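**Q** Sequence below, structure please.
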Amino acid sequence: MSGSSSTTTALATPSLEGLYRQPDSRWVAGLTRFVSASLLLILVGFHLLPEVGRIQTIFYLTLLPGTLLLLGWRRDWGFLRSWQFACFISVPLVLALSTLWADSATATVERDTSFYFKVLAYLVLFYCAVYLVLEQRGDGMLHRWLRWLIVLGTVSCAASLVRYGMEGGFQKLHRIGGISMQNNIDKTAMLYGFHTLFCCYGLSLDSRRWRWLSWTGLVLGCIYIVLSQTKIPIVMAAFAICLAAVVSRSLVLRGLVLVGAFAVLPAVYLLLYGDLPLLHRGAAYSIRMELWAKSLETFLESPWIGNGLVHKQFIELGEVLPHPHNYLLDVARFAGLLGVAACLWQGLAVAAIGLRRDQLLSWVPGTYLLWFGFGVIAMLIYAQQPLVKPSYIWLFYWIPLAVILVRHQLGKTRPQESRAPAAESSAIPAA
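**A** Just a heads-up that it's a prediction; the model follows:
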């Protein structure tokens, strides 16, 4: 990948003339900074706050009012008339509408229909927040996010390992939780799986301090993931190690890193747990097969529009589980093929945007594409339907999806003359 912090951002900052009332006022600039800080606070919450409810409080008290005020001061709302926004909101809209034909008697835990339309509004405002900030700050904000994520992940991971050691975890080698994500093992392991990917971005920076911090974060993240015994994060860690080898500026270090990925990591896992990473805890595969088969039965009862979304509809097997651990099957049983089509539209849109050499080989948006890609894999293994208030699903799915779609929308709608300086600057290193 290319495009370190020294590279001029690909999205140049446009003129705000005609977009806002009094565009040069401190009010617009201040609100934009406030909304940008609110987005960052949500990322902080995922790493450092123990309860998801506190992340939701940050969202309600900072991002929602800031975005509403910024929209109220704006004259041009044309950015909402785009296929990118329609794509982003398609799945939440279909799920919210499906509540209108849901049978409340089938719900294990029931919610009023208005709850889902409020969540739909939250996601609309979240997309607006990302758009309004990126419109003014360009890729510079996305680079800053990655640096913050390296710091947050390293601090959070170190604190989780320290607590694990204080509880005697290194003697018992039980599965590690964490200091955030409500101490959920799988969700927290995914959090640090993303962290290992972000550390690879840090290894590309010119600053030696950032490279040392990123190596530290990568090592701590890999240790945590091994102790979590969670399969998708193990794949993410192995991928990150290989990517780190590619980024490394030392051939010796590159060789050592590759040996670590393909020899040391499996050997350590075999020594600690007696089998290889993806074979460990084999019951996790069989229980998911049963869950998915049961969900397909529900889907076949009403394959076109589904049975309608209810808040919780537990699945009874040998034990009672709250959802199928596969967001696509969960959408299918609630919203049928209509919901599945909306999910596929989102996936295909990201593939059409990202599967190009200039996209994949740049840290921005390449890292965000990896973030979304591994998030989708995690959603197909761990998650429920995605129409939820700010929670782990937003970190896995909605945040990277919004960034990818908004960035593409801005790149298409921005005048050619505003993009020309960035294109010329990016060609300077190659020349």
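**Q** make it CA atoms for all contacts and neighbour counts henceforth
**A** Fine.
**Q** So for residue 196, what's the pLDDT?
**A** Looking at residue 196, its pLDDT is 96.
**Q** Secondary structure of it: a helix, I assume?
**A** Yes - per DSSP: H, G, I helix; E, B strand; the rest coil, residue 196 lies within a helix segment.
**Q** need the contact list for it.
**A** 217, 218, 221, 222, 236, 237, 240 (CA atoms under 8 Å, 6 or more residues apart in numbering).
**Q** Check residue 130 too.
**A** Taking CA under 8 Å, 6+ apart, one finds 402, 403, 406 in contact with residue 130.
**Q** ranking those residues by neighbours, who comes first?
**A** Counting neighbours by other CA atoms under 10 Å, the top entry in those is residue 402, with 26 neighbours.
**Q** circling back: show me which pair in the contacts of residue 196 is furthest apart.
**A** 217 and 236 (14.1 Å; CA to CA).
**Q** Pick out whichever of those two has more residues nearby.
**A** Set residue 217 next to residue 236 and count neighbours by other CA under 10 Å: residue 217 wins out with 28 against 22.
**Q** Please tell me I have it right and that one contacts residue 149.
**A** No - the pair residue 217 and residue 149 fails to qualify as a contact (CA atoms under 8 Å) at a distance of 10.3 Å.
**Q** Pull up the overlap in contacts between those two.
**A** Residues touching both residue 217 and residue 149 by CA under 8 Å, 6+ apart: residue 195.
**Q** For residue 336, which non-adjacent residue is closest in space?
**A** For residue 336, ignoring the flanking residues on the chain, the nearest one in space by CA to CA, 6 or more residues apart in numbering is residue 306 at 3.9 Å.
**Q** Would you mind giving both backbone torsions of the one you found?
**A** phi 70, psi -180 (degrees, to the nearest 10).
**Q** So for it, what's the pLDDT?
**A** Confidence at residue 306, expressed as pLDDT, is 90.
**Q** ok, now how distant is it from residue 314?
**A** 16 Å (CA to CA, to the nearest Å).
**Q** Who has more neighbours out of those two?
**A** Per other CA under 10 Å, whichever of residue 306 and residue 314 has more neighbours is residue 306, with 24 against 16.
**Q** follow-up on the earlier one: thought residue 329 was touching the residue nearest to residue 336, still the case?
**A** No - with contact defined as CA under 8 Å, residue 306 does not reach residue 329; the gap is 10.8 Å.
**Q** Find residues that contact each of the two.
**A** Common neighbours of residue 306 and residue 329 (CA under 8 Å, 6+ apart) are residue 299.
**Q** check contacts around the nearest residue in space to residue 216 that is not next to it in sequence.
**A** Excluding the flanking residues, the one nearest residue 216 by CA to CA, 6+ apart is residue 154, at 7.4 Å. The contact partners of residue 154, taken as CA under 8 Å, 6+ apart, are 195, 213, 216, 217, 220, 221.
**Q** Measure how buried the second one is and give me the count.
**A** Counted by other CA under 10 Å, the residues lying close to residue 213 total 16.
**Q** what's it in contact with, if anything?
**A** By CA under 8 Å, 6+ apart, residue 213 lies in contact with 150, 151, 154, 202.
**Q** Just confirm residue 244 contacts residue 211, I think it does.
**A** No - contact criterion CA under 8 Å: residue 244 and residue 211 do not qualify, at 10.7 Å.
**Q** so what sits against both of those two?
**A** Taking CA under 8 Å, 6+ apart as the contact rule, residue 244 and residue 211 both touch residue 203.
**Q** Mind checking which of the two has more residues around it?
**A** Neighbour tally, residue 244 and residue 211, criterion other CA under 10 Å: the higher count belongs to residue 244, 26 against 19.
**Q** looking at this, the more buried one is in a strand?
**A** No - according to three-state DSSP, residue 244 belongs to no strand; its state is helix.
**Q** How about it: what's its closest non-neighbour residue?
**A** With CA to CA, 6+ apart, the residue lying closest to residue 244 is residue 200, at 5.4 Å.
**Q** what about that neighbour, neighbour count?
**A** For residue 200, the neighbour count with other CA under 10 Å is 28.
**Q** Confirm that it sits in a helix.
**A** Yes - Residue 200: assigned to a helix according to three-state DSSP.
**Q** which residue sits closest to residue 203, ignoring its sequence neighbours?
**A** residue 211 (4.7 Å).
**Q** Buried residues of the strand or helix carrying residue 161, list them for me.
**A** Using DSSP states H and E, residue 161 falls within helix 139-166. Buried residues in helix 139-166, counting neighbours by 16 or more other CA atoms under 10 Å, are found at 139-143, 146-154, 156-158, 160-161, 163-164.
**Q** Sweet, I'm off.
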